[in-house]
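**Student:** pasted the sequence and its predicted model underneath.
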Amino acid sequence: MLTTAEKIRVILRRKGITITDLANATGQTRQNLTNKFSRDNLTENDMRAIANALGCDLQINFVDRRSGEIVE
């Protein structure tokens, strides 16, 4: 399973966007965003801003471990 940062990197490659471009679009420095990626330490607000900058919808779900039910 890919980490959140890895998923974002896949989208960046597919769209031909650099991390610098993404950092600028989300109001962060490239270094700050790179650090968050390396630690996979993105807040929900970070993820929403990134999704918006990439033209994507963000879906966050909880899944019950026993039943597999997705709680939205």
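**Tutor:** Yep, that arrived. Residues are numbered from 1 along each chain as shown.

**Student:** for the protein, which spans come out with low pLDDT?
**Tutor:** The chain contains residues with pLDDT under 70 at 72.

**Student:** packing partners for the strand or helix carrying Ile8?
**Tutor:** Element membership for Ile8 (DSSP states H and E) is helix 4-15. If you count contacts as 3 or more C-beta pairs under 8 Å, 6 or more residues apart in numbering; DSSP states H and E, helix 4-15 packs onto helix 19-25, helix 30-39, helix 44-54. All C-beta spots, glycine's among them, are computed from the backbone N, C-alpha and C.

**Student:** name the residues of that helix that are buried.
**Tutor:** For helix 4-15, burial by neighbour count (16 or more other C-beta atoms under 10 Å) applies to 5, 8, 12.

**Student:** need the CA coordinates for it. PDB is fine.
**Tutor:** Coordinates of the C-alpha atoms in helix 4-15 are reproduced here as PDB (Å, rounded to 0.1, in the frame of the first residue of the first chain):
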ATOM      1  CA  THR A   4      -0.100   9.400   1.200                       C
ATOM      2  CA  ALA A   5       3.200  11.100   0.100                       C
ATOM      3  CA  GLU A   6       3.800   8.300  -2.500                       C
ATOM      4  CA  LYS A   7       0.300   8.700  -3.800                       C
ATOM      5  CA  ILE A   8       0.900  12.400  -4.200                       C
ATOM      6  CA  ARG A   9       4.200  11.800  -6.000                       C
ATOM      7  CA  VAL A  10       2.400   9.500  -8.500                       C
ATOM      8  CA  ILE A  11      -0.100  12.200  -9.300                       C
ATOM      9  CA  LEU A  12       2.700  14.800  -9.600                       C
ATOM     10  CA  ARG A  13       4.500  12.600 -12.200                       C
ATOM     11  CA  ARG A  14       1.300  11.900 -14.100                       C
ATOM     12  CA  LYS A  15       0.400  15.600 -14.300                       C
END
